[in-house]
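> This is the structure alone, sequence omitted:
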């Protein structure tokens with residue numbers, strides 16, 4: 001059956017298995033650690049390029065709307081259109097401007113936060129066990145739950161044995177760990193050309209809010 005949020009608190013043996021799930025994300029190969037950080041940074045550069053391109057297109061559309069607003073205004077002054085028609089067009093274009101402004105703002109925010117979040121997820125994965133135990137020692141139950149929800153997509157308890165499915169971001173990291181911790185990676189280029197090379201890096205932008213409850217204990221060293 002699916003594991004409830006309270007099961008791992010009440011059953012020490014179950015909780016120990018949960019900690020194993022955190023430990024399974026830790027990368028022991030230092031060269032792969034550096035490569036993964038580099039991959040996250042390169043992913044960020046691609047993300048920034050996409051956002052900048054999108055923002056450029058949105059700003060062009062914004063300027064076009066501004067120009068369209070000028071024409072009804074001039075026509076109204078020249079008494080070529082009615083006040084009612086002018087009001088309708090003014091409202092239409094104003095709404096378009098507001099929507100474009102909000103969209104531009106969202107893209108700008110996503111771009112600036114992407115790299116920090118990507119690296120944060122990596123650092124979180126390597127310290128997940130310690131973060132969980134620190135939260136437990138301080139009776140910070142909400143933080144424990146937030147960490148579990150962030151790392152695991154699903155927990156299942158069957159006859160005392162806990163199994164799990166990682167969330168997308170951590171599943172990809174887990175695949176890299178499986179390839180590197182269970183065997184020696186003599187040539188990092190061979191590793192990069194392997195199955196993990198083609199893995200899609202996680203869309204961490206959607207997980208930004210999920211990290212907020214963890215920050216008080218995460219930032220303590």
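Looks like it came in fine. These numbers were taken from a predicted model, which means no experiment stands behind them.

> residues near residue 35, how many?
20 (other C-beta atoms under 10 Å). Just so you know, the C-beta spots here come from the backbone N, C-alpha and C atoms, and that holds for glycine as well.

> Tell me which helix or strand it sits in.
helix 30-77 (DSSP states H and E).

> Mean confidence (pLDDT) on that helix, please.
Helix 30-77 carries an average pLDDT of 81.

> Same check on stretch 148-161?
Rounded mean pLDDT across stretch 148-161 is 90.

> buried stuff in it?
With burial defined by 16 or more other C-beta atoms under 10 Å, the residues of stretch 148-161 counted as buried are 148, 150-152, 155, 157.

> Throw the residues you listed into CSV and include distance to residue 29 and secondary structure, thanks.
Output for the buried residues of stretch 148-161, formatted as CSV (distance: C-beta to C-beta, whole Å; DSSP: H, G, I helix; E, B strand; the rest coil):
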residue, distance to residue 29, secondary structure
148, 26, helix
150, 24, helix
151, 21, helix
152, 24, strand
155, 27, strand
157, 32, strand
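
> just the strands in this structure please.
152-158, 161-166 (DSSP state E).

> Redo these as TSV? Include distance to residue 81.
Converted to TSV, the strands of the chain look like this (distance: least, C-beta to C-beta, whole Å):
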stretch	distance to residue 81
strand 152-158	57
strand 161-166	60
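
> Which of the ones you listed sits closest to residue 178?
strand 161-166 (11.3 Å; C-beta to C-beta).

> tell me the angle the closest one makes with strand 152-158.
Relative orientation of strand 161-166 with respect to strand 152-158: 160 degrees, computed using axes from the mean of the first three to the mean of the last three C-alpha atoms, to 10 degrees.

> Buried ones in strand 161-166, by neighbour count?
162, 164, 166.

> now do stretch 88-95
89, 93.

> What is the helix holding residue 35 packed up against?
helix 83-137, helix 168-181, helix 188-192 (3 or more C-beta pairs under 8 Å, 6 or more residues apart in numbering; DSSP states H and E).

> returning to what we had before: switch the buried residues of strand 161-166 over to CSV, and while doing so, append distance to residue 92 to every line.
CSV is the format used below for those (distance: C-beta to C-beta, whole Å):
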residue, distance to residue 92
162, 57
164, 51
166, 47
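
> Between the residues you listed, which sits nearest residue 28?
Distances from residue 28 to these, taken by C-beta to C-beta, are shortest for residue 166, at 17.9 Å.

> so that closest one bridges to which residues?
residue 152 (DSSP bridges).

> I'd guessed it sits against residue 174; true?
Yes. Between residue 166 and residue 174 a contact is recorded at 5.3 Å, counting by C-beta atoms under 8 Å.

> Give the residues shared as contacts by these two.
By the contact definition C-beta atoms under 8 Å, 6 or more residues apart in numbering, residue 166 and residue 174 are jointly contacted by residue 25.
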